[in-house]
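Q: Let me see the structure of the following:
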Amino acid sequence: MVKKLLPLLILMLCQSALQAQPNVSVKSSVNKHTLYLSDTLVHTVRITTDSNHNIPAPAAPVVDGLRLINQSSSTESRMSIVNMKYERSIVYNYLFYYKPTRTGRITIPQTKVTVKNTVYYSQSITVEVVAGGGSSPSTDPYDPFGMYEDTPMPEGESFVMPIPEAKSVFVGEPVIVAYYLYTTQEVRSLNLTEEKDFEGYGKSLYEQPQNLSFERVNYRQQSFKRSLLKKMVLYPHLAKQIQVPQLVGSIRYLRYGFQNRGFRSEPAHIQVKELPPGAPKGYTGAVGVFNLSQRLSDQTLKLGEAVVLTIQINGKGNFNQFTAPKYQSTPAFQVSTPKIKDQLTSGIKGVRLLQYTIIPKVKGDIKLPAFKFSWLDSKTGKYMSFSTKEQTLNVKPGSASPGSQPSKTLKELQMLGLSGKTSYQNQDPIYLSWWFWLILALILLSLIPSLYLHNQRRQKAKDPKKWQSKQLQLTLKQELHRAIQAAHDRDPEFYHIAQSAIQNYLNTKYDLPAHLCQAELMEALAQNGVDAELIALISSFFTQIQAARYAPATHEQDHFQQLAKTFEQIVTALEQA
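A: Next up is the predicted model:
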């Protein structure tokens, strides 16, 4: 029987799957197959389905020779009755507006649409772009959708253009790339979603305005509104043609209501050249346009004092990619590692100070050798060098011995970030402070509850039944104290406390239902091996409680004390059972 039904079940499942699969068609068309460079091409993708499925919007086709300037979409629903059968279809129209960028034959590729893991494709379309202008060539007589006369053409265009400050740079030379939005539309907002990088450079942010701020400019013999989106600094490290990062996002503009369209910034390239040969000795990799100057804090000093040689580098270049030149010590003086102070914008433009502390070791006249710094001038493509003149220090005898710590030029040393202290307090060991022992005591006290909780958890994990029995006994003792206090106060709540404590203890320990009556409870205790005398004592106690609870009220002290004593006997017996 099962074998006969199995093919039928498989057939039914296949039919239901076929019925669940939507009927989808994807078609493409253009408003003209022959057009001039000045014309606008409208490529329409029409998706028709017989059910209301979540169909993702297709991406705008990327076509060599066509530049996307706008896009829009619409939805229509159609209903009809054919041969007494109700039919419904939903049509999604996606319009992509292009401007030709060259003449010749241009093919728009197929459009891909995925619905419920099934892929549908439209047909590809080839158009012909011809030179010239004036009236457009005759439109294609075949109009499969018949919708262009009523569809308004896009007014204006919007695109993002990257503009490098230089088309050719050297390896390591920073270059700023500015990204501008050009538009003739009423743009309300712009959202950047991705920044696509390419090979051959590092980058950092230079400037990014918080809002769109438009200015009027002329571009390609047309008036546009232009707003700066961001500026970034590229640090090329490969000698090749590099493509600048591409911005991806969406523009929200106003035309017959708010509309959104995606964009990708136009491609832009920078040619990166190798550093020329013949770099000077000591060249540390500086590339840019720099001006240098030097200053010596003093030329006359005493032995044991110090002077500061300051080199100022002003200009634009790869400040973050070259190191400070070494100024060598000699037997006559010692030179510290230079202190670097920067006042730079994004690490490429501004002032850098190199400060060398010089400490004489001998008295008399000491000649300071020339300081040299070399860089590649990015404008001329030639290596440049800066060299200080030889200077002489007049070192007089001083109270400090040679090699001791200098003291006179305290101002210069503080400028280098060195300590300006002249005296220090005696620091006692920390364990002699009273607050040290207070903090230690608080830490130790905080460990007590943690150790207690840890011990409780360890006992519970080691022997769960024993731990549960112990917890039941603790709870029972607590209820005993409550009941004794209530009996002492001749409070009728004593009856409820005592009876509930015993019942909860017995139900939990012997895993008994909570709804048992007194007779059923005593029978269950007997089945669990509880001593008969204890069962009789508990039964008698419950009976006395019931009688006292529903009898006329009495507040005699002896009555409460007698019941409390019986309750204490039961608790002791239960602990020993």
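
Q: for the stretch 451-577 of the chain, what spans make up the helices?
A: Along the stretch 451-577 of the chain, the stretches classed as helices by DSSP state H, counting those that start in this stretch are 464-488, 493-509, 518-527, 532-550, 557-576.

Q: buried set for the last one?
A: Counting neighbours by 16 or more other Cβ atoms under 10 Å, one finds that the buried residues in helix 557-576 are Phe560, Leu563, Ala564, Thr566, Phe567, Ile570, Val571, Leu574. In short, each C-beta sits where N, CA and C put it, glycine included.

Q: Next: stretch 44-53.
A: Buried, per 16+ other Cβ under 10 Å, within stretch 44-53: Thr44, Val45, Arg46, Ile47, Thr48, Thr49.

Q: I'd like those residues as TSV, with secondary structure appended.
A: What follows is the buried residues of stretch 44-53, written out as TSV (DSSP: H, G, I helix; E, B strand; the rest coil):
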residue	secondary structure
Thr44	strand
Val45	strand
Arg46	strand
Ile47	strand
Thr48	strand
Thr49	strand
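
Q: Would you confirm that Ala324 contacts Ile340?
A: Yes: using Cβ atoms under 8 Å, Ala324 is in contact with Ile340, at 6.1 Å.

Q: Find the residues that touch each one of these two.
A: Leu354 (Cβ atoms under 8 Å, 6 or more residues apart in numbering).

Q: Compare neighbour counts for these two and give me the winner.
A: Higher neighbour count among Ala324 and Ile340: Ala324, with 17 against 12, using other Cβ atoms under 10 Å.

Q: who's in contact with the more buried one?
A: If you count contacts by Cβ under 8 Å, 6+ apart, Ala324 has them with Thr284, Pro338, Ile340, Leu354.

Q: swap the cut-off to 7 Å and go again
A: The contact partners of Ala324, by Cβ atoms under 7 Å, 6 or more residues apart in numbering, come to Pro338, Ile340, Leu354.

Q: Quick check, the first one in contact with Leu353.
A: No: using Cβ atoms under 7 Å, Pro338 and Leu353 do not qualify as a contacting pair, with a distance of 9.2 Å.

Q: So if I had to pick from those two, which one is more boxed in?
A: Pro338 (20 against 17).

Q: how close does the more buried one sit to Asp39?
A: Per Cβ to Cβ, to the nearest Å, Pro338 is found 65 Å from Asp39.

Q: List the residue ranges of the stretch 401-550 of the chain that fall below the pLDDT cut-off.
A: 401-428, 549-550 (pLDDT under 70).

Q: In this protein, where is pLDDT below threshold?
A: For the chain, the ranges with pLDDT under 70 are 1-22, 52-53, 77-88, 133-155, 255-257, 399-428, 549-557.

Q: Run through the bridge partners of Val177.
A: Taking DSSP bridges as the rule, Val177 bridges to Pro164, Met232.

Q: I meant to write Pro236 there.
A: As assigned using DSSP bridges, the partners bridged with Pro236 are Tyr201.

Q: just the helices of the stretch 451-577 of the chain: most buried one?
A: helix 493-509 (a mean of 18; mean count of other Cβ atoms under 10 Å).

Q: Which secondary structure elements does it sit against?
A: Helix 493-509 sits against helix 464-488, helix 532-550, helix 557-576, with contacts defined as 3 or more Cβ pairs under 7 Å, 6 or more residues apart in numbering; DSSP states H and E.

Q: Now do the SS call for Gly285.
A: Three-state call for Gly285 (three-state DSSP): coil.
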